[in-house]
Structures are given as structure tokens and as C-alpha cells.
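In: got a structure for you, letters missing:
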């Protein structure tokens, strides 16, 4: 509906479309990363503005860019959808799902504040890195922030690349230590 919307599709073993969904409104929404849970659920994280119905009712941005977390079952049916972010701009970068269903999310806190239901992290500058781990029910277990405002620009770029690869590392940690 807008200039950027979310498109999620699952292909079967033959490469044919098993199911597909698009989500959006007149504002911008985009998916940043997708992961498959051990039970076959598809978990998507991204950034949204406006109000989007992922299948469970409207999920609204608190102004600016906010992080969304969408979970669909193996057949594409809505399981859950949530928004994270306060005033200001927050962006999702990557997601990983552990073998016990825990979800690791990395993102950028550009301005404002961000919490996933427990701890709260306020921006110290722009493009602060945020890493959260939610349990299988979506309850925050860990929230860590790394302020980048005091770093020189070259180091900030390297740290932002690290943020993108956190999901891979998180997935490996979940594989090696499933009880985290």
C-alpha cells in the first residue's frame, strides 16, 4: 500500500509457493531478517511506521520508526505480532531463534528509547546497538545497549557491521548452549 511494504513467502520443496502474505499501510514498513523456529514457525523482524495488521489486529508505531516482531506458523497463519519502541527511531537489523524457541534480536536505537517488556535502554547518541533475547513466550530475558555516540566514525561503521552478524553468533550460541 505504501512505498515500502513487507512481503513474506514460503516455498515448498519443489520451489512452488506454499503461502505468501504482504503487510503494510501508507507508511513505510520493511523486513530486515527472517528465521525459522524449531517447530517450523517463521519469525520476522523489521522496522515499521504507521499501523499494520499482521493478522492479529493493528500493531501501531509510537511515532517514527519502531521494531516489529512477527511470528507465523508453518502454514503461514498469524501466531503473534508486536511492536517495540518509544518516541524516536528504532530499527531492527537481525534475528536468530534458538532450539528452545528463544529469539535473539539486534537493532539500532537512533533516538528515543527501547524496551522489550523488561529493561529499558535510552539512546545515548545516534545508532546505538541494542541486543535483546526473548524467551519462547516473548518475555524479555536480556537487553543490552552499546552507545556508539562517543566512538570515532570508522569504529562506528565496524560496530554496525558487527551488529548485523550478531544474529549468526546468537544462533551458534543457542545451538551450543540451548539452555541460555
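Out: Yes, it's here. Remember, it's a predicted structure, so these values are computed and weren't measured experimentally.
In: use CA for all of it now, contacts and neighbours both
Out: Fine.
In: tell me the SS of the residue nearest the centre of the chain?
Out: Nearest to the mean C-alpha position of the chain, counting by CA atoms, centre = their mean, stands residue 45 at 3.0 Å. Three-state call for residue 45 (DSSP: H, G, I helix; E, B strand; the rest coil): strand.
In: And the strands in the protein, which stretches?
Out: 6-11, 17-23, 29-36, 42-48, 51-53, 58-60, 66-72, 78-84, 90-97, 103-109, 113-115, 120-122, 128-134, 140-146 (DSSP state E).
In: want to throw those strands into TSV with mean pLDDT?
Out: Below are the strands of the chain laid out as TSV (pLDDT from 0 to 100):
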stretch	mean pLDDT
strand 6-11	92
strand 17-23	93
strand 29-36	91
strand 42-48	94
strand 51-53	93
strand 58-60	92
strand 66-72	94
strand 78-84	93
strand 90-97	88
strand 103-109	86
strand 113-115	80
strand 120-122	78
strand 128-134	83
strand 140-146	73
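In: Number of residues surrounding residue 75?
Out: Neighbour count for residue 75, taken as other CA atoms under 10 Å: 13.
In: cool, residue 105 as well?
Out: Neighbours of residue 105 using other CA under 10 Å come to 26.
In: next one: residue 121
Out: Applying other CA under 10 Å, I find that residue 121 has 20 neighbouring residues.
In: Verify the stated contact: it with residue 113.
Out: Yes - if you go by CA atoms under 8 Å, residue 121 and residue 113 touch, sitting 5.6 Å apart.
In: is it true that residue 58 touches residue 51?
Out: Yes - with contact defined as CA under 8 Å, residue 58 reaches residue 51; the gap is 5.9 Å.
In: Just want to know which of these two has more residues nearby.
Out: The neighbour comparison of residue 58 against residue 51 (other CA under 10 Å) goes to residue 51, with 19 against 13.
In: from memory that one sits against residue 62, does it?
Out: No - between residue 51 and residue 62 there is no contact, the gap being 9.5 Å when judged by CA under 8 Å.
In: on that earlier part again, show the contacting residues for the residue nearest to the centre of the chain.
Out: Counting by CA atoms under 8 Å, 6 or more residues apart in numbering, residue 45 touches 31-34, 67-70, 92-95, 105.
In: One more pass at 10 Å, please.
Out: Residues near residue 45 by CA atoms under 10 Å, 6 or more residues apart in numbering: 30-35, 67-71, 81-83, 91-96, 105-107.
In: I appreciate the help and will end here.
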